[in-house]
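Participant: Predicted model and sequence below, questions to follow.
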Amino acid sequence: MIDDLTGEQPSVSGLPQTRRTFLARSSVLSLAIPGVGAALAACSPSESSKRDTTGARAAAGVDSESQQTGARPLNADSRLDTGVMKPEHHTGTSATGTATAGAANVAYRRWAPELPALPAGRTQRIHFHAHEAPIRIDDGTVVAAWTFEGDVPGPIVHTRVGDTVEFTLTNDAEIPHSMDFHAAQINPKEAFKSVVKGQSHTFTFTPKYAGAFLYHCGTAPVLMHIGAGMFGAIIVSPRDALRPAKDFVLVQNEFYLAGAANGTRASDYQKMLNMVPDIVAFNARPNQYVKDPIRVKVGDRVRFWVVSAGPSHPCNFHVVGEQFDTVYLGSLPDNAIRGVQTFTVPPGGGIVYELVCDVPGEFPFVNHGFGHGQKGAIGMLVVEP
Ligand SMILES: [Cu+2]
């Protein structure tokens with residue numbers, strides 16, 4: 001299914017001021033691409049009075065040079081794509097033209113948490129597009145998001161220990177993006193390097209361990225790219241099937257929001273640095289599974305694959321009225337602990353939880369760090385007779 005996923009090609013014209021400003025600032029701090037052109041390197045913070053026009057030239061420079069050379073170089077210097085770079089003066093938001101266009105007409109859609117079946121065969125080819133899009137996360141909030149495949153989180157990837165994942169990222173966005181799979185052991189300088197607009201990059205890996213793993217854009221500043229929506233879950237099943245269960249994937253993330261164009265709210269880098277989120281959610285819609293619960297039957301075993309995308313906070317996962325029969329810390333079915341009430345997923349981590357639904361009822365699942373539960377990291381597991 002994922003093989004066939006394609007993204008929309010966003011318009012590159014009519015960059016709004018916020019977009020130009022972002023490009024101007026980011027170009028001198030972390031997003032400059034060797035070989036892309038002097039225009040990107042030329043602007044400096046001391047030229048702040050010229051930021052908008054310099055940014056416009058920088059944005060234009062990406063396209064014009066690419067057209068002139070006929071080749072858009074990949075970023076071969078992945079020092080730019082890691083936490084080594086500290087763009088301390090970055091003040092951007094995610095409010096690009098493509099991320100805010102048409103926001104009023106974007107419909108709310110519940111994010112399906114069911115784990116998709118494993119694909120047939122031992123090699124899975126996945127092609128994601130990075131692009132920007134407005135995403136309605138509740139009735140009153142549309143976020144200007146940076147996405148994989150036009151949604152937040154990106155699609156669930158389901159693979160198996162020892163299988164081969166051949167992954168391709170195509171970047172449709174102005175800003176460079178990349179992919180970092182936590183299920184891969186691979187040279188990040190090569191595999192996780194940034195891809196500029198219009199280019200694609202492919203790498204292959206074989207997961208060694210079963211578990212719930214994060215994937216995310218690793219382009220600097222990583223905080224900004226995860227915070228703006230570029231994350232998802234890759235679920236690695238063991239070679240031998242686990243015991244039967246109803247499998248659900250929950251990716252917790254935080255939103256740090258400012259006002260933006262067209263009624264959208266932009267992810268705000270300075271707020272991310274301060275680490276006080278406006279919203280915390282499972283699968284990027286606050287309280288979505290309270291409004292439309294996850295439903296199972298009495299006697300079912302439920303397995304939650306929980307990932308914390310952060311960018312900065314853990315998920316203290318707990319189900320009210322239940323106890324976890326088993327919690328797997330990693331490399332399922334090894335590393336199991338029994339009889340657990342609450343267990344914490346660190347940002348950038350994943351934990352697998354199982355419980356048996358002995359009695360009917362409504363069981364809230366929550367981030368028991370209740371400041372974050374109150375901000376939306378709560379849902380409902382309905383056990384039907
Ligand atoms: Cu990115």
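Facilitator: Arrived safely.
Participant: Please report the distance of residue 347 from the ion.
Facilitator: 17 Å (CB to the ion, to the nearest Å). C-beta coordinates here come from the backbone N, C-alpha and C atoms, glycine included.
Participant: Isn't that residue up against residue 316?
Facilitator: No - the criterion here is CB atoms under 8 Å, and residue 347 misses it with residue 316 at 11.9 Å.
Participant: Which parts of the stretch 101-250 of the chain are helices?
Facilitator: 188-191, 222-227 (DSSP state H, counting those that start in this stretch).
Participant: And those helices: which comes nearest the ion?
Facilitator: helix 222-227 (3.5 Å; CB to the ion).
Participant: So that closest one, near the ion or not?
Facilitator: Yes - applying CB under 5 Å from the ion, one finds helix 222-227 touching the ion at residue 225.
Participant: before we move on, back to that, and the helices of the stretch 101-250 of the chain as JSON lines, adding mean pLDDT and mean neighbour count?
Facilitator: Below are these laid out as JSON lines (pLDDT from 0 to 100; neighbours: other CB atoms under 10 Å):
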{"stretch": "helix 188-191", "mean pLDDT": "96", "mean neighbour count": "16"}
{"stretch": "helix 222-227", "mean pLDDT": "97", "mean neighbour count": "25"}
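Participant: would TSV of those helices with distance to residue 307 be doable?
Facilitator: As requested, these are exported to TSV (distance: least, CB to CB, whole Å):
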stretch	distance to residue 307
helix 188-191	19
helix 222-227	12
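Participant: Quick one: name the residues of the stretch 151-300 of the chain near the ion.
Facilitator: 177, 217, 219, 225, 230.
Participant: Identify the farthest-apart pair in these.
Facilitator: 219 and 230 (8.4 Å; CB to CB).
Participant: Show me the common contact partners of these two, please.
Facilitator: residue 177 (CB atoms under 8 Å, 6 or more residues apart in numbering).
Participant: CA atoms only: put the helix or strand where residue 99 lies into CSV for me.
Facilitator: Residue 99 belongs to helix 97-100 when assigned by DSSP states H and E. C-alpha atoms of helix 97-100 as CSV (Å, rounded to 0.1, in the frame of the first residue of the first chain):
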residue,chain,number,x,y,z
GLY,A,97,2.7,29.4,1.8
THR,A,98,2.0,25.7,1.0
ALA,A,99,1.4,24.9,4.7
THR,A,100,-1.3,27.5,5.1
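Participant: Tell me who's in contact with the residue nearest to the spatial centre of the chain.
Facilitator: Nearest residue to the geometric centre of the chain (CA atoms, centre = their mean): residue 231, 1.2 Å. By CB under 8 Å, 6+ apart, residue 231 lies in contact with 148, 152, 153, 154, 214, 215, 216, 217, 251, 253, 309.
Participant: okay but the third one is in contact with residue 111, surely?
Facilitator: Yes - applying CB under 8 Å as the test, residue 153 and residue 111 come out as touching, 7.4 Å apart.
Participant: quick one: which of those two has more around it?
Facilitator: Neighbours were counted for residue 153 and for residue 111 using other CB atoms under 10 Å; residue 153 has more, 27 against 20.
Participant: Next one: that one from residue 178, what distance?
Facilitator: Counting by CB to CB, to the nearest Å, the gap from residue 153 to residue 178 is 16 Å.
Participant: just residue 258 next, same as before
Facilitator: Taken as CB to CB, the span from residue 258 to residue 178 is 25 Å.
Participant: between these two, which one's more packed in?
Facilitator: residue 178 (27 against 17).
Participant: for that one, what are its contacts?
Facilitator: 81, 169, 192, 193, 194, 195, 201, 217, 218, 219.
Participant: Please flag which of the residues of the stretch 151-300 of the chain next to the ion sit within strands.
Facilitator: Of these, none are assigned to strands by DSSP state E.
Participant: Could you dump these into TSV and include distance to residue 240?
Facilitator: Shown next, in TSV, are those (distance: CB to CB, whole Å):
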residue	distance to residue 240
177	36
217	33
219	37
225	36
230	33
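Participant: Could I get the contacting residues of the residue lying closest to residue 184 once chain neighbours are set aside?
Facilitator: Nearest residue to residue 184, sequence neighbours excluded (CB to CB, 6 or more residues apart in numbering): residue 205, at 3.8 Å. Residue 205 makes contact with 164, 165, 167, 181, 183, 184, 185, 186, 191, according to CB under 8 Å, 6+ apart.
Participant: Now, of the residues you listed, which are buried?
Facilitator: Using 16 or more other CB atoms under 10 Å as the burial test, the contacts of residue 205 include 165, 167, 181, 183, 184, 191 as buried.
Participant: What is the neighbour count of residue 208?
Facilitator: So residue 208, with other CB under 10 Å, has 12 neighbours.
Participant: residue contacts, it?
Facilitator: 161, 185.
Participant: per-residue pLDDT, it?
Facilitator: Note for residue 208: predicted pLDDT of 98.
Participant: Could you tell me the phi and psi values at it?
Facilitator: phi -90, psi -30 (degrees, to the nearest 10).
Participant: Residue 291 too?
Facilitator: Per degrees, to the nearest 10, the backbone of residue 291 is at phi -70, psi -40.
Participant: Spit out the contact partners of it.
Facilitator: Contacts of residue 291 by CB under 8 Å, 6+ apart are residue 110.
Participant: Please tell me how far it sits from the ion.
Facilitator: 30 Å.
Participant: Got phi/psi on residue 221?
Facilitator: The phi/psi pair for residue 221 (degrees, to the nearest 10) is phi -80, psi 120.
Participant: wait, isn't it in contact with residue 273?
Facilitator: No - Residue 221 is beyond contact range of residue 273, at 9.4 Å (criterion: CB under 8 Å).
Participant: of the two, who's got more company?
Facilitator: Each of residue 221 and residue 273 has its neighbours counted (other CB under 10 Å); residue 221 has more, 23 against 16.
Participant: so where's this protein shaky on pLDDT?
Facilitator: Applying pLDDT under 70 to the chain flags residues 1-91.
Participant: The residue in the stretch 51-200 of the chain that the ion sits nearest to bridge partners, please.
Facilitator: Nearest residue of the stretch 51-200 of the chain to the ion (CB to the ion) works out as residue 177 at 3.4 Å. On the basis of DSSP bridges, residue 177 is bridged to residue 195.
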